[in-house]
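S.K.: Sharing a sequence plus its predicted fold:
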Amino acid sequence: MTPTPHASPAAVSRTRAWLVVLLVALSGYGNYYCYDAIGPVADLLQQQRGFSDAQIGLLNAIYSLPNVVLVLVGGLLVDRFGAAFMTLATGLVCLAGALFTAFSPDFTGMALGRLLFGIGAETMGIASLAAVADYFHGPGRNVALAMGVTLAIGRIGSYSADMSPTWFATAYAQGWQPPLVIAAVMAVTSCVAALVYWGIDRGPRRAGLLPTSRTGEPFVWRDLLHFGRAYWYLLVLCVLWYAVILAFRSTFSIKYFQHVHGLDLAEAGEMNSYVFLAAVFATPAFGWLCDRRGRYAPFLMFGALLLPVALAVLALTPWSLWIATALIGISYSLVPAVMWPLASRLVAPQRLGTAIGLMWVVQNAGIGGANVVAGWLNDRAGASATNPAGYDAMMAFFGAASVGGLLCAVLLWWTAGRRQHELRG
Ligand SMILES: C[C@H](NC(=O)[C@@H](N)CCCCN)C(=O)O
């Protein structure tokens, strides 16, 4: 892989670099907690505020909708104003969104809150990855381990939101609002962590030890197309892999386990949650392994391979659900653990925000599209507990998309990810 021009993060102490990881991860924890805070209060919102299923769905869909365009602007802003400033700025936007969501008297206000939260949260995700790349780029700096730790703490945020009905039972007993106030408190924590990170980042950045932002340079649309071929393979893999994994795991898998494999709701939910829990531990472990071996693309290819294999095991064999769950769990840990460090190696540091922003624009459209197509296929085939074969078309669709993703991972490995490329970079 071609080395990118870079300031010298190696001159920043490891303690400071890991402190940045911890702070960025803490802000990510609040971000992921708020993202997943609607699911646990969905039933209360229906009972106490009379919201329909469509309204509940909209509270989450409205998060992705603006990002089909805006997250690219967010990425450009990260390159222009730097990761630290943008983590803080987007943390404040997320907090405003979380407060609106918790305190709005009606559905429209809540939806506006979720819209605002989505605008802040996706750009904060880019700023977090750029922050870690700033401090860990370069040989021997363990960029994949650092990104893995950041992602893992974010996943704990999602897991905490899922567990919040147990951990904060008293709040839930008082109705829909207190749990959302707790989510807003998590957003405050995010802002405090972002503020401290911004404070400690100023010294090394002013001393020129970190990549300088591109403030003052005019934005040129054509720049968007000037990433190398390997980047485009990574982008298509990102779209296809996240579209399948999120549309399946976050939307349809529980229902699929119930209707096709005969699990009850609690068993299906628990089976699904193991994927999440595994990712908390396995994502940093895989990141560490990649850094240690100095190899990324082969691991990415292996992670991308496991998804179609897992879907085939689910759809075509009577094997235990544990096998498919383990395979999805490894893929869900391995692919993000490698994808984002690899992105930071494929593009110049000053363009990382734009590069990830562009990936997430198409990714958000892909996730939305995959949800719609899968739902349409299930409805068309009348998928249900009495007609489990009705899910075949959805599984074939997910299978085909995941094979497309695997193909991109192979092309990426072939173009820029073989031993002679990676060990050079
Ligand atoms: C880092 C990566 N995040 C994304 O890809 C986001 N665009 C979507 C996250 C949606 C849930 N918060 C990841 O979380 O693996």
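M.R.: Alright, I've got the coordinates.
S.K.: Write out the residues of the stretch 201-350 of the chain neighbouring the ligand.
M.R.: Taking Cβ under 6 Å from any ligand atom as the criterion, the stretch 201-350 of the chain approaches the ligand at residues 242, 336. Every C-beta, even on glycine, is put in place using the N, C-alpha and C of the backbone.
S.K.: How about the contacts made by the residue of the stretch 51-200 of the chain found nearest the ligand?
M.R.: At 5.1 Å from the ligand, G125 is the closest residue in the stretch 51-200 of the chain, using Cβ to the nearest ligand atom. Applying Cβ atoms under 8 Å, 6 or more residues apart in numbering, we find G125 in contact with 28, 31, 360.
S.K.: who's in contact with the residue in the stretch 301-425 of the chain that the ligand sits nearest to?
M.R.: Of all residues in the stretch 301-425 of the chain, the one sitting closest to the ligand is P336 (3.9 Å; Cβ to the nearest ligand atom). The neighbours of P336, taking Cβ under 8 Å, 6+ apart as the test, are 151, 279, 283.
S.K.: Surely the last one and T150 touch.
M.R.: So that's T283. No - assessed by Cβ atoms under 8 Å, T283 is found out of contact with T150, at 9.1 Å.
S.K.: coming back round to it: confirm that the residue of the stretch 301-425 of the chain closest to the ligand sits in a strand.
M.R.: No - P336: not assigned to a strand; according to DSSP: H, G, I helix; E, B strand; the rest coil it is helix.
S.K.: how far is stretch 176-187 from where the chain is centred?
M.R.: Mean C-alpha position of stretch 176-187 versus that of the full chain (Cα atoms, centre = their mean, to the nearest Å) differs by 21 Å.
S.K.: go on, stretch 29-48?
M.R.: With Cα atoms, centre = their mean as the basis, stretch 29-48 stands 18 Å off its chain's centre.
S.K.: how about it, does it get close to the ligand?
M.R.: Yes - interface with the ligand: stretch 29-48 contributes 32, 35 (Cβ under 6 Å from any ligand atom).
S.K.: ok, H261 touching L321?
M.R.: Yes - the criterion here is Cβ under 8 Å, and H261 meets it with L321 at 5.7 Å.
S.K.: hmm, back to that, mind checking pLDDT for the residue of the stretch 301-425 of the chain closest to the ligand?
M.R.: Listed pLDDT for P336 reads 96.
S.K.: now do the one 4 residues further on
M.R.: Confidence at W340, expressed as pLDDT, is 94.
S.K.: ditto for G216
M.R.: pLDDT, G216: 57.
S.K.: Which single residue of the stretch 1-150 of the chain ends up nearest the ligand?
M.R.: Y35 (4.6 Å).
S.K.: and that residue, how many neighbours?
M.R.: Y35 has 23 neighbouring residues, counting by other Cβ atoms under 10 Å.
S.K.: again with G294
M.R.: Around G294 there are 13 other residues, counting by other Cβ under 10 Å.
S.K.: hang on, it packs against A144?
M.R.: No - the pair G294 / A144 is not scored as a contact, 10.1 Å apart, by Cβ under 8 Å.
S.K.: Confirm P139 sits in a helix?
M.R.: No - counting by three-state DSSP, P139 falls outside a helix, being coil.
S.K.: Now do the SS call for the nearest residue to V21 once chain neighbours are set aside.
M.R.: Excluding its sequence neighbours, the residue lying closest to V21 (Cβ to Cβ, 6 or more residues apart in numbering) is A146, at 5.0 Å. Per three-state DSSP, the secondary structure class of A146 is helix.
S.K.: which residues touch Q177?
M.R.: If you count contacts by Cβ under 8 Å, 6+ apart, Q177 has them with 102-103.
S.K.: Ignore what I typed, I meant F117.
M.R.: By Cβ under 8 Å, 6+ apart, the contact list for F117 reads 34-35, 63, 93-94, 97-98, 101.
S.K.: Please tell me how far W319 sits from L306.
M.R.: W319 sits 15 Å away from L306, going by Cβ to Cβ, to the nearest Å.
S.K.: and the two? which has more neighbours close in?
M.R.: Comparing W319 with L306 by other Cβ under 10 Å, the one with more neighbours is L306, at 22 against 10.
S.K.: show me where the stretch 101-250 of the chain has helices.
M.R.: Counting by DSSP state H, counting those that start in this stretch, the stretch 101-250 of the chain has helices at residues 107-136, 143-167, 169-173, 177-206, 229-246.
S.K.: hmm, back to that, can you redo the contacts of P336 as TSV with pLDDT, distance to Y233 and neighbour count?
M.R.: Putting those into TSV (pLDDT from 0 to 100; distance: Cβ to Cβ, whole Å; neighbours: other Cβ atoms under 10 Å) gives the following:
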residue	pLDDT	distance to Y233	neighbour count
L151	95	21	26
A279	91	24	28
T283	95	22	28
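S.K.: List just the nearest of these to V347.
M.R.: L151 (19.1 Å; Cβ to Cβ).
S.K.: returning to that earlier point: go through the contacts of G125 and flag which are in helices.
M.R.: When DSSP state H defines the helices, the subset of these inside them is 28, 31, 360.
S.K.: From those, list the buried ones, please.
M.R.: Buried by 16 or more other Cβ atoms under 10 Å: 28, 31, 360, out of the ones in helices among the contacts of G125.
S.K.: Turn these into JSON lines, columns for pLDDT.
M.R.: Listed next are these as JSON lines, based on pLDDT from 0 to 100:
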{"residue": "G28", "pLDDT": "97"}
{"residue": "N31", "pLDDT": "96"}
{"residue": "W360", "pLDDT": "94"}
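S.K.: Make CSV from those residues and add distance to L72 to it.
M.R.: Listed next are these as CSV, based on distance: Cβ to Cβ, whole Å:
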residue, distance to L72
G28, 20
N31, 19
W360, 8
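S.K.: Next, the contact list for the residue nearest to L327 when sequence neighbours are not counted, please.
M.R.: Of all residues not flanking L327 in the chain, A310 sits nearest, at 3.7 Å (Cβ to Cβ, 6+ apart). By Cβ under 8 Å, 6+ apart, the contact set of A310 is 324, 327-328, 331.
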